[in-house]
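Participant: mind looking at a prediction? Sequence and model below.
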Amino acid sequence: MPLTTLSPMSLFRIALLCSALLSGCAQRRAETWPVREAAFSIVPESADAGFDRLAMLWGRGWSGALEEKVPPGTAGAAGLHGAIPVNRYAWTDGGIRFVPLADGWACLSFGPALPTETDRHVFRGAVALRALCVQGIAATNVSFGMRSGTAPTGWTWQGKPGRFEADESGRQPSDTVAHIPESSRLEQRLWLAAGQPVTLRFSARALDPAGFRDVRPPSCGSAAAYSALRFFRRGVNLGNHLEAPPDEDWGARYDPADFEAIRAQGFDHVRLPVAWHHGMGEGPGHAIARERFERADALVRMAAEHDLAVILNWHHFDAFTADPISQGRRFESGWMQIARRYVRFPGRIAFELLNEPRDAADTFAMNAVYARVIPIIREHAPETTLFVGPGQWNSALELPYLRLPRNDGNLVATVHHYEPFLFTHQGAEWTRPLTATSGLRFPGPGPEPLLPVSETAQAADWTWVWFRAYSDLPKPLNPCGSEGLDYPLRLARAWSERTGRPVHVGEWGCIALAEPASRARYHRAMRERLDAWDLPWALWDWKSHFRYWNPERNEPEPYLRPALFPAKPLPPFE
């Protein structure tokens, strides 16, 4: 029977059946992505061996959690086991420092983490390992330059042998990159001397697995987004105001004097957090409360009057991040209203679709959300620059999984950077108990050893390792130091260059409870790295808990102005 003779209801049922079949096939075919972590271990041959003074090294990058898997004296794979997050865009630096408690042999091992799979994605594949930097042990052929058969001299393969290539950016001309296949390990037997501190540093990167589809640059280029960012170079957040619920006062209010001071200090834009969902109507229209619009209107106009660009965002939409599907209609309707209203306003206004996606609103879920919501906004604001961010609280480490519509060249990726978190949030009430320990200095170590208070230690076991490293390690290796700031920014820049999309660091800063000189050193170090990687930014915040401006004294907090605004001119944005 030809389809043209079927009734509309029959055609509808056929369409539903086809859709269900296609959906089932899509669910069975998980999308392949590069492996997320590189794993390493140091396992003694003797069950009586043990380690002391364990510390993860941040080096020039970010390191994952380290744990002593099995206590000394216990049979099995007792030893040190850790992992660092890896990606395909930039090298991740990691390392470990420890003191052996007894003489003996141990096995040092590197390789990709085991494949992981969800109902939609599988993360698998090989990792690349760069030349090692070791102290306190006699390791062999750490640059992998000498080889015996398929393995580097002094090393052995466990599993499928890998391959090697020259490291064009290595420390020595002979440095080589080892490609370690999935489910394989590259191992070396080492002698450990009791009481001799050992430092091991390395760099790793994920390699593309078979079946991986690379992220391609926008088909229309990103000239519009890069042009817009000329007005969004150095900004500040107007926090703790319009993102608060209607029945709460978070203590911050803003008037023309604030905008005048913001401009006079050297900022060129403000980021305005707004909780549009408070008071939002039900039903198909989901009307945003008039009071929300009017309060936001006033601040947007003040910014325009003082020649400040505005990033207008949607903040603290917790119901959406918990369940993007059920809240999707509210989100889409809200942005339709916001776009329709503010496209008519004077000044330069950009929209940031959602602050810090997290929980169910992970990066993959947000890819689908952006694909739906951006066209809705474009119907009303076709030329407005849109800021969109990855999941995990806008983590730069999630950028490799962000995929944006290729037909829109006026999109800016936004990330947040609060590392080292235990320093920047020390004493913060809203992140307790993790941040209950205060008195940290930047850069570490502080004048006296500092251990986490019981409240912090009970919140997360890894804090013991972090605080021990903070108290023990010198500045070049300390996790609370300048070098540890770099990796997320380096990754953001590498992702930007590979994908053709600009990146803006929409939040960073340090709580005002920190010691003033340390706080200023942190701000200077962060600003220097942001400038070095040519990343525009917005500081959190103007005059609240992380304040730049002291409203009681009507001046910047001590040392912050020279830390953020040096005498030398800004380099041109490219």
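Facilitator: Thanks, I have it.
Participant: what sits against Trp533?
Facilitator: Neighbouring residues of Trp533 by CB atoms under 8 Å, 6 or more residues apart in numbering: 489-490, 492-493. C-beta coordinates here come from the backbone N, C-alpha and C atoms, glycine included.
Participant: same thing but at 10 Å, please
Facilitator: Shown in contact with Trp533 (CB atoms under 10 Å, 6 or more residues apart in numbering): 486, 488-494, 496, 503, 505.
Participant: from these, which shows the smallest pLDDT?
Facilitator: Within the contacts of Trp533, the minimum per-residue pLDDT falls on Asp486 (90).
Participant: run a quick neighbour tally on that residue.
Facilitator: Neighbours of Asp486 under the rule other CB atoms under 10 Å: 21.
Participant: got the domain boundaries for the protein?
Facilitator: Under automatic domain parsing, the residue ranges defining each domain of the chain are 31-206, 223-420+485-564, 434-480.
Participant: dump those domains to TSV, plus distance to Val215.
Facilitator: As requested, these are exported to TSV (distance: least, CB to CB, whole Å):
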stretch	distance to Val215
domain 31-206	10
domain 223-420+485-564	5
domain 434-480	31
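Participant: any low-confidence regions in the protein?
Facilitator: 1-28, 58-78, 170-174, 568-574 (pLDDT under 70).
Participant: how about the spatially most central residue of it, nearest residue that isn't a chain neighbour?
Facilitator: Centrality entry for the chain: nearest residue to the mean C-alpha point is Ser395, 2.2 Å, by CA atoms, centre = their mean. Leaving aside its sequence neighbours, Ser395 sits nearest to Val415 (CB to CB, 6 or more residues apart in numbering; 6.8 Å).
Participant: which residues are in contact with that neighbour?
Facilitator: 389-390, 393-399, 402, 488-489, 491-492, 495, 503-508, 535, 537.
Participant: need the three-state assignment for it.
Facilitator: strand (DSSP: H, G, I helix; E, B strand; the rest coil).
Participant: can you tell me how far Trp91 is from Phe164?
Facilitator: 16 Å (CB to CB, to the nearest Å).
Participant: neighbour-wise, which of those two wins?
Facilitator: Trp91 (21 against 16).
Participant: touching, Gly285 and Glu332? I think so.
Facilitator: No: using CB atoms under 10 Å, Gly285 is not in contact with Glu332; the gap is 11.6 Å.
Participant: which of those two has more residues huddled nearby?
Facilitator: Using other CB under 10 Å as the criterion, Gly285 and Glu332 rank with Glu332 on top: 16 against 11.
Participant: need phi/psi at the more buried one.
Facilitator: Backbone geometry at Glu332, expressed as degrees, to the nearest 10, gives phi -60, psi -40.
Participant: ok, now Arg53?
Facilitator: phi 50, psi 50.
Participant: excluding sequence neighbours, find me the nearest residue to it.
Facilitator: Nearest one to Arg53, counting by CB to CB, 6+ apart, is Val99 at 4.6 Å.
Participant: distance check, the residue nearest to the centre of the chain against Gly446.
Facilitator: From Ser395 to Gly446 the distance is 27 Å (CB to CB).
Participant: which of the helices or strands spans Ser471?
Facilitator: Using DSSP states H and E, Ser471 sits in helix 462-472.
Participant: what helices or strands is the helix or strand just after that helix leaning on?
Facilitator: Next helix or strand after helix 462-472 toward the C-terminus (DSSP H and E): helix 486-499. Judged by 3 or more CB pairs under 10 Å, 6 or more residues apart in numbering; DSSP states H and E, helix 486-499 is in contact with strand 80-85, strand 92-100, strand 411-416, strand 503-507, helix 516-532.
Participant: export these as TSV, with columns for distance to Asp258.
Facilitator: Converted to TSV, those look like this (distance: least, CB to CB, whole Å):
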stretch	distance to Asp258
strand 80-85	39
strand 92-100	40
strand 411-416	23
strand 503-507	19
helix 516-532	20
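Participant: show me the one of the ones you listed that comes nearest Phe351.
Facilitator: strand 411-416 (10.4 Å; CB to CB).
Participant: what's the first helix or strand after that closest one?
Facilitator: According to DSSP H and E, the helix or strand after strand 411-416 is helix 421-424.
Participant: which elements pack onto that following helix?
Facilitator: Using 3+ CB pairs under 10 Å, 6+ apart as the contact test, the elements touching helix 421-424 are helix 462-472, helix 516-532.
Participant: list the buried residues of the shortest one.
Facilitator: When you say that, I think you mean helix 462-472. 463, 465-472 (16 or more other CB atoms under 10 Å).
Participant: sorry, back to before: off-centre distance for the helix holding Ser471?
Facilitator: 21 Å (CA atoms, centre = their mean, to the nearest Å).
Participant: show me what that helix is packed against.
Facilitator: strand 51-56, strand 66-68, strand 92-100, helix 421-424, helix 454-459.
Participant: reformat these as TSV; add distance to Gly111 and mean neighbour count.
Facilitator: Below are those laid out as TSV (distance: least, CB to CB, whole Å; neighbours: other CB atoms under 10 Å):
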stretch	distance to Gly111	mean neighbour count
strand 51-56	18	19
strand 66-68	16	17
strand 92-100	14	23
helix 421-424	28	22
helix 454-459	31	16
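Participant: okay if I get these as JSON lines plus distance to Asp268?
Facilitator: JSON lines is the format used below for those (distance: least, CB to CB, whole Å):
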{"stretch": "strand 51-56", "distance to Asp268": "38"}
{"stretch": "strand 66-68", "distance to Asp268": "41"}
{"stretch": "strand 92-100", "distance to Asp268": "33"}
{"stretch": "helix 421-424", "distance to Asp268": "24"}
{"stretch": "helix 454-459", "distance to Asp268": "38"}
